[in-house]
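Enquirer: just the structure for this:
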Amino acid sequence: MTDYNYDSFSAGQYTLDNFQGPAAGRKAQDFSMQTTDGSQRQLLDFDGDFLVLEIGSITCPLYQSRRAKMKTLTEKHPDTSFTIMYVREAHPGKTRPKHTDAEGKLSNARALQFEDGEGRTILIDDLNGHAHVAYGSFPNAVFIINKNHCVVYYSDWNNPTATGRALVNLKAGNPASGMGVFLPAIPSVGFATLKNAGKGAGIDFLRSFPNLVWKNLIKRNLRVLLRRPHPISPDTNC
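Expert: Below you'll find the predicted structure:
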């Protein structure tokens, strides 16, 4: 990974074969983060039985494609906390360029909440992405964290069906199921997201498209299908 807030997207800016976020059974790091109303709150200050933490930004087609199913998940689990960690723009363009100051990042997070209608709590990482880096730096990872602040499920790419299945298992007192396969963005949502990001976002994505297909749809999914995850108790204390 080069400059954290990159000017334009390239698959080479991500170590797609080596996710560095906290695995299941590891301690989740806490951070003081900004809310969309401008106040500060701790990332791991949550009321539910578990915290489902998803990484996202307004210019991420994958995150935008997951939102409808994640909304359904929040409605099915009102006793669980759901939070978005707002990070750098995945696909910066002329309309929504890279973040150069905290105000710009806050503005995009507010647009996600008030214009795009994201109903989950949004916590905004700092300009240099310290929390995002600690959680692996991927644009749409997801973590389930218990009250002991231990990660009990993670996936480098969010698959809402797998996330929902993991949450059901954990709430039933069982280890989470394995992470799901990588699913590409919904074409209509992806196109709209890149268009809204502005000039440059679409062409930058297309340049990296073959690399993304190879590393995510093929290599990553094969790793997931062949791996045997170590079961982690839902009340583990790390």
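
Enquirer: give me the buried positions along stretch 5-21.
Expert: 5-6, 8-9, 11, 14, 16, 19, 21 (16 or more other CB atoms under 10 Å). For every residue, glycine as well, the C-beta is placed using N, CA and C.

Enquirer: now, which of these sits nearest Phe31?
Expert: Relative to Phe31, the closest of the buried residues of stretch 5-21 is Gly21; by CB to CB it sits at 13.7 Å.

Enquirer: wouldn't Ser32 be in contact with Gln42 here?
Expert: Yes: assessed by CB atoms under 8 Å, Ser32 is found in contact with Gln42 at 5.9 Å.

Enquirer: OK, contacts around Tyr154?
Expert: 21-24, 141-144, 179 (CB atoms under 8 Å, 6 or more residues apart in numbering).

Enquirer: what about Lys195, how many neighbours?
Expert: Look at Lys195: counted by other CB atoms under 10 Å, it has 13 neighbours.

Enquirer: in a helix, it, correct?
Expert: Yes: assessed by DSSP: H, G, I helix; E, B strand; the rest coil, Lys195 belongs to a helix.

Enquirer: need the longest helix for this structure.
Expert: If you go by DSSP state H, the chain has its longest helix at helix 61-76.

Enquirer: please identify the buried residues of stretch 99-117?
Expert: Neighbour-count burial for stretch 99-117 flags 99, 104-106, 108-110, 112-113 (criterion: 16+ other CB under 10 Å).

Enquirer: and if you look at stretch 223-238?
Expert: Buried, per 16+ other CB under 10 Å, within stretch 223-238: 224, 232, 234, 236.

Enquirer: filter those down to the ones in helices?
Expert: Residues from those lying in helices, with DSSP H as the criterion: Val224.

Enquirer: of the buried residues of stretch 223-238, closest to Pro160?
Expert: Closest to Pro160, out of all of the buried residues of stretch 223-238 and judged by CB to CB, is Val224, at 15.3 Å.

Enquirer: need the nearest residue in space to the residue nearest the centre of the chain, chain neighbours excluded.
Expert: Nearest to the centroid of the C-alpha atoms of the chain, with distances taken as CA atoms, centre = their mean, sits Ile55, at 2.1 Å. Nearest non-adjacent residue to Ile55, counting by CB to CB, 6 or more residues apart in numbering: Ala141, 4.8 Å away.

Enquirer: ok, that neighbour to Glu89 distance?
Expert: 16 Å (CB to CB, to the nearest Å).

Enquirer: likewise Tyr63?
Expert: Distance from Tyr63 to Glu89, by CB to CB: 11 Å.
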